[in-house]
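Participant: give the three-dimensional model of this entry:
(3 chains)
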Amino acid sequence: MGKPWYVGYFEGKSWLMNVAFTQDDIRKVIDAAKDLKYKFKAKVPTPYLVGKTLFMLFYNRSLRTRNSFEAGMFQLGGHAHFLSPQDVYTPTLPEDMIPYKTEAISDVARVLSRYGDAIAIRIYGDAAKWIIGRGHRVVEEFAKWSAIPVLNMEDDLYHPFQALADIMAVLEVIPNIKGKKFVVSYAYSGGLKPLAVPQSVAAIAAMFGAEVVIAHPPGFEFVDDIMNKIRELSDTYGGSVTVTHNMKEAFEGAAVVYPKAWSPKGFFPPYSSAVNKDGAKEYQNKFKDWIVTMELLEASGKPYYMHCGPADRGQEVTDEVLDKYEKSLYFNEAENRLHVQKAVMAMVMGSKYE
Amino acid sequence: MGKPWYVGYFEGKSWLMNVAFTQDDIRKVIDAAKDLKYKFKAKVPTPYLVGKTLFMLFYNRSLRTRNSFEAGMFQLGGHAHFLSPQDVYTPTLPEDMIPYKTEAISDVARVLSRYGDAIAIRIYGDAAKWIIGRGHRVVEEFAKWSAIPVLNMEDDLYHPFQALADIMAVLEVIPNIKGKKFVVSYAYSGGLKPLAVPQSVAAIAAMFGAEVVIAHPPGFEFVDDIMNKIRELSDTYGGSVTVTHNMKEAFEGAAVVYPKAWSPKGFFPPYSSAVNKDGAKEYQNKFKDWIVTMELLEASGKPYYMHCGPADRGQEVTDEVLDKYEKSLYFNEAENRLHVQKAVMAMVMGSKYE
Amino acid sequence: MGKPWYVGYFEGKSWLMNVAFTQDDIRKVIDAAKDLKYKFKAKVPTPYLVGKTLFMLFYNRSLRTRNSFEAGMFQLGGHAHFLSPQDVYTPTLPEDMIPYKTEAISDVARVLSRYGDAIAIRIYGDAAKWIIGRGHRVVEEFAKWSAIPVLNMEDDLYHPFQALADIMAVLEVIPNIKGKKFVVSYAYSGGLKPLAVPQSVAAIAAMFGAEVVIAHPPGFEFVDDIMNKIRELSDTYGGSVTVTHNMKEAFEGAAVVYPKAWSPKGFFPPYSSAVNKDGAKEYQNKFKDWIVTMELLEASGKPYYMHCGPADRGQEVTDEVLDKYEKSLYFNEAENRLHVQKAVMAMVMGSKYE
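Facilitator: Okay, here's the model as predicted:
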């Protein structure tokens, strides 16, 4: 029978952000994910990682990510360890070490490398001290010391697997998004959410040549380096990037809208001298009208609605949209998490020659 | 070889309470459980749920339930995820939503339905705000939205798998309990315990035509609807139901006694305007003489002793009874949890035609 | 093909401390571990515990232990449950029972014995109330009641699997340590650590006939019974034991040094009338010069450096030693945890005749 072409295709590679790969690489992931999705539904066994172990380190809560990675590993014949920070000595950057309470990431990464086959990490927000970019540094520190692939399950800059699931969900309904209007928009929430999803989604839309529109109130700008990267990707892949402060205008005539909350970065280091959560909340509370309603979607020409979940009902979006809008991709995006993650795991943890 | 008859026998069904099934259905579960128990002891492999995933959501602590479900899934070739509320966004009823901290049960159920094969839930007491029936509503809300079977691992009204394990343990020693005196009795504990076990046990004893005696001090009445259901089942299956306030009298001549603590429901909504835990504790402290001793059992004619565990030693029962009473079914009940749960899982999660 | 000789070699036995076994027994474990290590690296499947379940009860945090046991069980075809005290009713010694919050160890052990194939426990420090020996009593209580093997994942007296991994790492570089100078030394940490590792390591070195030198400041003496046992083992296996209060002198000419922190036992019951953590910390703070540096190792003739991990960087040892010292066995010790544990699990949980 043999294994499918994608098993071991990226053998040994880490997956920290999609922008480190090419459109062609991403297409390969989607192709693999399609095959795995078909086999999952047809109940065809997919024993591509038999006996392999994934270590999942969660510094933040998770429903989709944890369950899709854990179920995915099992469906591939492997096993995933769920590790929460209260159960292990907290793996820590050199400057944050507290003897007998923490353990150096360099040590944790090297020890786990001897026991299993990949390390996956989620860290943002409080766990990353709300210093924007610090969560990503933790992920990079793991990748630096690990002898096995490291997977980014969401940090404070990137959420690559969400963006992979999203682009797969889009391509399932619009086979080619080159030249299509793809809106990544702010939507209000009372909570403080990372910039990872909007940045990763805008980047992957740019990698597929979309006319990317980023809509948000002033103060919700992306991180500069990432914004530059998105513009660069857009040039490379023949699309465009526009920024606007008007949600309604942005939605007008869009093929896809991806409205969700993120935090105004000016209230957090390194963009501020101190973490100012109250200030950020007070500021974002001015934008409660950035909510997605059935009326807005209908007035905009019925674009596909997307959200990584969990959506804040009554803040980011109305119940009606989530439960009744016919062009919502909400559950398809969640579903595809399973398949793109299985794809990347099979590609980086699998072996062609075993 | 083929699969045994019970794999997929109730394919796709949820299991929220035994009273939604018939005596014949329950007998089928016991038959399947017997086969699985035999095979477990004989070390015959039982690969009936290969590649299948169970999501276990625990809002309360657990020893027997968690370990028997998790080991059971593995023994059937599947895998169970242990999910505690602190690790996921708390799945929540619509009226309790807090943006960015909770996630609608409707969303959680639909997302998990895309990743695996069944969802199991435990919720009662504090986790259900001590509003009696609210825990059961959470379980029902999951069942409403889930596309895969939902299993009730104990809520504030029912503990169906405990009652299945119990009736199996009884039938192992008394093949027919029709007409036999089966006592479900209050026994004192300083803690506040749900009504789920006594209600479920009395109901299943009624479904097997026993002469059910429910013994408790005034104020420990079952929920009305369930009491009515028990009377109805008793009529259907040719038994009887009596309520008494005298433990000793109740025990006299019994074939089986099942003495355990539960809470006086009048101190909790909807039977009270507010949750009054202190009042409930103060009230139940009057009944410290409702304890099972060796003397009581001997004076009653040595009935079989049952308890779901964990028993409060020195309150509900003496150490001597738990450790030395020859007609105790305590560990058999715990053991059978594994087998009845494997039976139901094979029946509802399995497929006849795969 | 058949199973290797070691599967079921110690069928049904518990593993609470190495000193209950002989040197020959330990050699058998190492031989089995070598075979399993070779197969792991060569990606040869090792399905010796198919369908078997290990229950892991952690009262303390863990990185190496939890991940090596969980991955190890999976690599052997089995499954490990990760149980933390907040998720189960805390299994408790008779004198510590709190009704409805705790459950008797005797009950927990007997229930789990019906569901799976071994119970592993970690308990020391706060979880054992800092009464030295109490953690070990918990482990023994489990062994007393369990019908399946009990494995000690570290208590307040012994850490047998660490010592097995350590002796394996030593023998990989020095095939015979009889007559070699093997130093178990105190090294400073601000935290309070159990005596389990130094006591277990000194004991296993004595079991292999080494010239054991135990170096520590006054007040850091081992538990008397264990010290006597170490002397006795040393006599039996042809080595020697010396105690010194001078780190530098101890290191001089050593083949192996194992410097790590432990707590001065005089500040804890039964050696003190009350637990005095502050006193212990204040006292140990006098010994900050007990740190391992590159200079010390070089001046001593470059012995092999060992530490069970996690090492407190900047307190027990400098970063330079951990990251650059060429004769460090730090990661080899961690790696061997996986293999010795798989060996013992295959030996005690496996069956020759199945």
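Participant: return the per-residue confidence for A:Met1.
Facilitator: The pLDDT attached to A:Met1 in the predicted structure is 57.
Participant: should've said A:Ala255
Facilitator: 98.
Participant: check contacts around the closest residue to it other than its chain neighbours.
Facilitator: Excluding the flanking residues, the one nearest A:Ala255 by Cβ to Cβ, 6 or more residues apart in numbering or on different chains is A:Lys180, at 4.0 Å. C-beta coordinates here come from the backbone N, C-alpha and C atoms, glycine included. Neighbour list for A:Lys180: A:Ile174, A:Ala210, A:Glu211, A:Ala255, A:Val256 [criterion: Cβ atoms under 8 Å, 6 or more residues apart in numbering or on different chains].
Participant: so which of the residues you listed wins on neighbours?
Facilitator: The most crowded member of the contacts of A:Lys180, judged by other Cβ atoms under 10 Å in any protein chain shown, is A:Ala210 (30 neighbours).
Participant: rewinding a little: find the pair from the contacts of A:Lys180 with maximum spatial separation.
Facilitator: Set against one another by Cβ to Cβ, the contacts of A:Lys180 have their most distant pair in A:Ile174 and A:Glu211, with a gap of 12.6 Å.
Participant: any idea of the mean pLDDT in stretch A:193-202?
Facilitator: Within the predicted structure, the mean pLDDT of stretch A:193-202 is 98.
Participant: cool, and stretch A:117-135?
Facilitator: Per-region confidence: stretch A:117-135 scores 95 on mean pLDDT.
Participant: CA atoms of it as CSV?
Facilitator: Coordinates of the C-alpha atoms in stretch A:117-135 are reproduced here as CSV (Å, rounded to 0.1, in the frame of the first residue of the first chain):
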residue,chain,number,x,y,z
ASP,A,117,8.7,13.2,18.4
ALA,A,118,7.4,16.8,18.5
ILE,A,119,6.7,19.6,20.9
ALA,A,120,3.7,21.9,20.5
ILE,A,121,3.3,25.1,22.4
ARG,A,122,0.5,27.7,23.1
ILE,A,123,1.5,30.9,24.9
TYR,A,124,0.2,34.5,24.8
GLY,A,125,-1.5,37.1,27.0
ASP,A,126,-0.9,36.7,30.8
ALA,A,127,1.3,33.7,30.2
ALA,A,128,3.6,35.9,28.1
LYS,A,129,3.3,38.8,30.5
TRP,A,130,1.5,40.8,27.9
ILE,A,131,4.8,41.9,26.4
ILE,A,132,3.9,41.5,22.7
GLY,A,133,6.3,39.2,21.0
ARG,A,134,7.5,37.5,24.2
GLY,A,135,5.2,34.5,23.6
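Participant: please tell me how far stretch A:343-354 is from the chain's geometric centre.
Facilitator: For stretch A:343-354, the separation from the chain centroid amounts to 21 Å (computed by Cα atoms, centre = their mean, to the nearest Å).
Participant: no, scratch that, I was asking about stretch A:81-95
Facilitator: 21 Å.
Participant: with stretch A:148-163 instead?
Facilitator: Averaged over its C-alpha atoms, stretch A:148-163 has a centre that lies 6 Å from its chain's centre (Cα atoms, centre = their mean).
Participant: what is the end-to-end distance of it?
Facilitator: Between the opening and closing residues of stretch A:148-163 we find a distance of 23 Å, counting by Cα to Cα, to the nearest Å.
Participant: so is it next to chain B?
Facilitator: No. Figure legend: stretch A:148-163 not in contact with chain B (Cβ under 8 Å from any Cβ of the partner chain); closest approach 13.1 Å.
Participant: stretch A:315-324 now?
Facilitator: Yes. Figure legend: stretch A:315-324 in contact with chain B (Cβ under 8 Å from any Cβ); contacting residues A:Gln315, A:Leu322, A:Asp323.
Participant: who wins for most neighbours among those?
Facilitator: Highest neighbour count within the residues of stretch A:315-324 next to chain B, by other Cβ under 10 Å: A:Leu322, with 21 neighbours.
Participant: quick one: that one and A:Ala311 touch, right?
Facilitator: Yes. Using Cβ atoms under 8 Å, A:Leu322 is in contact with A:Ala311, at 6.0 Å.
Participant: what residues does the residue in chain A that chain C sits nearest to make contact with?
Facilitator: Taking Cβ to the nearest Cβ, chain C has its nearest neighbour within chain A at A:Tyr100, 2.7 Å off. Applying Cβ under 8 Å, 6+ apart to A:Tyr100 gives the contacts C:Ser189, C:Gly190, C:Gly191, C:Leu192, C:Lys193, C:Asp312.
Participant: among these, which two are most distant?
Facilitator: Of all pairs drawn from those, the one with the largest separation by Cβ to Cβ is C:Leu192 and C:Asp312; the distance is 11.7 Å.
Participant: more crowded one of the two?
Facilitator: Each of C:Leu192 and C:Asp312 has its neighbours counted (other Cβ under 10 Å); C:Asp312 has more, 24 against 19.
Participant: and the helix or strand of chain A with the lowest mean pLDDT, what does it pack onto?
Facilitator: Counting by mean pLDDT, DSSP states H and E, chain A has its least confident helix or strand at strand A:90-92, which shows a mean of 82. Applying 3 or more Cβ pairs under 8 Å, 6 or more residues apart in numbering or on different chains; DSSP states H and E, one finds that strand A:90-92 makes contact with strand A:102-104, helix A:105-115.
Participant: so A:Lys327 touches A:Tyr305, yeah?
Facilitator: Yes. Judged on Cβ under 8 Å, A:Lys327 makes contact with A:Tyr305 at a distance of 6.1 Å.
Participant: now for those two: what residues contact both?
Facilitator: A:Leu297.
Participant: who's more crowded, these two?
Facilitator: More crowded of A:Lys327 and A:Tyr305, by other Cβ under 10 Å: A:Tyr305, with 22 against 14.
Participant: which parts of the stretch 151-300 of chain A sit against chain B?
Facilitator: Near chain B, when you scan the stretch 151-300 of chain A using Cβ under 8 Å from any Cβ, you find A:Ser189, A:Gly190, A:Gly191, A:Leu192, A:Lys193.
Participant: can you put those residues in CSV and add distance to A:Arg114 and secondary structure?
Facilitator: Converted to CSV, these look like this (distance: Cβ to Cβ, whole Å; DSSP: H, G, I helix; E, B strand; the rest coil):
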residue, distance to A:Arg114, secondary structure
A:Ser189, 41, coil
A:Gly190, 44, coil
A:Gly191, 39, coil
A:Leu192, 37, coil
A:Lys193, 36, coil
